[in-house]
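Student: here's a sequence, model it:
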Amino acid sequence: MAKKQFFAIIDTETTMADTVADCAIVICDRHGVIFNQMAVLVAGHYGTHELFHDKQANDIWGYAGLEKRKAGYIAMLANGSRMVASVNAVNRWIAHAIGKYNPTLTAYNLAFDNSKCANTGIDLTGFADRFCLWSASVGNICNTKAYKQFCIENHLFTNRTGLGNMSLKTSAESVTGFLNGEMSIEPHTALEDVIGYELPVLKNIIAKKNWKEKIIPYDWRKFQVKDHVTAK
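Tutor: As a prediction, this is how the structure comes out:
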């Protein structure tokens with residue numbers, strides 16, 4: 001009998017100091033069944049450094065969104081859905097999870113989460129295998145005509161750059177919307193994003209044949225809106 005395969009999906013919400021304020025890891029099997037999970041606010045970072053925000057933004061990442069996110073975390077602490085934990089406690093949990101499940105590490109933009117964890121002292125080096133869920137989504141889902149058509153029909157485009165470039169979105173939110181047949185808004189809290197968005201994407205991808213051969217880093221040039229829309 002083949003040994004059961006597990007995956008560790010990590011997501012982080014960060015601070016203006018490029019460290020992790022909110023960290024979640026979900027251990028699941030290839031069918032999406034959750035075997036263990038951790039979701040904590042990281043001591044010495046949450047409440048010490050300001051949550052990441054963009055002064056120019058008018059959405060969740062702007063000042064109005066910042067105050068809403070702060071209030072959300074306070075409510076989570078009050079209702080017990082989050083606790084504050086030290087970096088050492090997070091690392092002990094990770095080490096135990098690796099020893100028990102030997103999971104493959106993944107994240108939607110793994111390089112981002114890996115770098116913020118490294119800045120915080122959260123040790124992800126013990127995972128023997130890993131891949132980027134975003135890259136896997138690009139190669140297995142986003143490159144399809146059906147996905148690109150979904151983006152066009154739902155106006156899922158990035159902001160226009162100074163050079164006039166605008167791309168089809170390939171975010172976890174847009175990919176999950178495609179899989180579900182309708183869009184929903186990510187809460188941008190670590191555990192809830194993993195369970196509601198990254199986990200369904202992972203489950204869909206690893207059910208595909210030869211999915212590992214289609215892990216392709218995102219290239220914005222291949223998702224230009226102007227190359228996928230024809231005037232009538």
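Student: buried residues, the lengthiest helix in the chain. List them.
Tutor: Across the chain, the helix with the greatest residue count (assigned by DSSP state H) is helix 63-79. Buried residues in helix 63-79, counting neighbours by 16 or more other CB atoms under 10 Å, are found at 65, 66, 69, 72, 73, 76. (Glycine included, C-beta is placed from N, CA and C.)
Student: quick check: phi and psi at residue 224.
Tutor: phi -70, psi 130 (degrees, to the nearest 10).
Student: starting from the helix or strand that comes right after the longest helix of the chain, tell me which strands it pairs with and how they run.
Tutor: As assigned by DSSP states H and E, the chain's next helix or strand after helix 63-79 is strand 83-85. Strand 83-85 pairs in its sheet with strand 34-42 (parallel), by DSSP bridges.
Student: other residues contacting the strand it pairs with?
Tutor: Around strand 34-42, the neighbours that count as contacts under CB atoms under 8 Å, 6 or more residues apart in numbering are 6, 19-29, 47, 73, 76-77, 81-87, 89-90, 93, 97, 100-101, 120, 122, 190-191, 195, 199.
Student: distance check, residue 23 against residue 35.
Tutor: 18 Å (CB to CB, to the nearest Å).
Student: hmm, back to that, just the angle between the longest helix of the chain and strand 34-42, please?
Tutor: Interaxial angle, helix 63-79 versus strand 34-42 (axes from the mean of the first three to the mean of the last three CA atoms, to 10 degrees): 110 degrees.
Student: can you give the contact residues for helix 63-79?
Tutor: 13, 22, 41, 46, 50-51, 53, 55, 57-60, 82-84, 187-189.
Student: which of those are buried?
Tutor: Buried, going by 16+ other CB under 10 Å: 13, 22, 41, 46, 51, 53, 60, 82, 188, 189, out of those.
Student: mind picking the two most distant members of those residues?
Tutor: 53 and 82 (19.4 Å; CB to CB).
Student: re earlier: export the buried residues of helix 63-79 as TSV, with columns for pLDDT and distance to residue 134.
Tutor: Output for the buried residues of helix 63-79, formatted as TSV (pLDDT from 0 to 100; distance: CB to CB, whole Å):
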residue	pLDDT	distance to residue 134
65	91	22
66	94	25
69	96	22
72	97	25
73	98	25
76	98	26
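Student: residue 154 versus the residue lying farthest from the centre of the chain, what's the distance?
Tutor: Going by CA atoms, centre = their mean, the residue of the chain most distant from its centre is residue 232, 36.9 Å out. Distance, residue 232 to residue 154, using CB to CB: 19 Å.
Student: ok, now residue 113?
Tutor: Counting by CB to CB, the gap from residue 113 to residue 154 is 26 Å.
Student: looking at those two, which one has more neighbours?
Tutor: residue 113 (24 against 14; other CB atoms under 10 Å).
Student: can you tell me the closest non-neighbouring residue to that one?
Tutor: Excluding the flanking residues, the one nearest residue 113 by CB to CB, 6 or more residues apart in numbering is residue 107, at 4.3 Å.
Student: where do the strands sit along the chain?
Tutor: Along the chain, counting by DSSP state E, strands occupy 6-14, 20-29, 34-42, 83-85, 104-107, 130-132.
Student: include distance to residue 181 and mean pLDDT when you put these into CSV, please.
Tutor: Output for the strands of the chain, formatted as CSV (distance: least, CB to CB, whole Å; pLDDT from 0 to 100):
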stretch, distance to residue 181, mean pLDDT
strand 6-14, 22, 98
strand 20-29, 23, 98
strand 34-42, 23, 98
strand 83-85, 36, 98
strand 104-107, 24, 98
strand 130-132, 25, 98
